[in-house]
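Undergrad: here's my sequence, what's the structure:
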Amino acid sequence: MILGLQGGDEILRGYSGVALVEAGKPAVPALIKLLESENKVTVSTAAAVLGKIGSPAVPDLIAALKHDNSQVRGFALLAFGKMGNAAKVAVPAIRKRLNDNHEGVRRYAASLLSKLSP
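TA: Residues are numbered from 1 along each chain as shown. Next up is the predicted model:
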């Protein structure tokens, strides 16, 4: 299923994404690892799947916010953005990204916080 997200076939990516969402928590570590990919389609698809998995992905995504790679941090924020209310428990970790050394991560954290915080 993970390999299906990495291919060029859009239909296969879609079916793989659905299967990974259904797999839930067991799929999360491999999806987090995909956030490091150089293939932007793979990374954005992995972030979308993590967002759809929701609450079971939150602890791993919070950990990803501390990753050395700004791309991983940014796409972890993107995943939280697709989660809706399930991401509210991560607000303290997201707030810390307001001081990130990467401008894009800071901007996305601010935008996300404006949607999650009352």
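Undergrad: what sits up against the helix or strand where Arg106 lies?
TA: In this structure, Arg106 sits in helix 103-116 according to DSSP states H and E. For helix 103-116, the surrounding residues in contact (Cβ atoms under 8 Å, 6 or more residues apart in numbering) are 70, 73-74, 77-78, 80-81, 87-88, 91, 94-95, 97-100. In short, each C-beta sits where N, CA and C put it, glycine included.
Undergrad: repeat that for 6 Å
TA: 70, 73-74, 77, 81, 87-88, 91, 94, 97-98, 100 (Cβ atoms under 6 Å, 6 or more residues apart in numbering).
Undergrad: out of the residues you listed, flag the one nearest to Pro56.
TA: Ala87 (12.7 Å; Cβ to Cβ).
Undergrad: circling back: in TSV, list the contacts of helix 103-116 along with pLDDT and secondary structure.
TA: Output for the contacts of helix 103-116, formatted as TSV (pLDDT from 0 to 100; DSSP: H, G, I helix; E, B strand; the rest coil):
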residue	pLDDT	secondary structure
Ser70	95	helix
Arg73	95	helix
Gly74	95	helix
Leu77	97	helix
Gly81	95	helix
Ala87	95	helix
Lys88	95	helix
Val91	96	helix
Ile94	97	helix
Arg97	97	helix
Leu98	97	helix
Asp100	97	coil
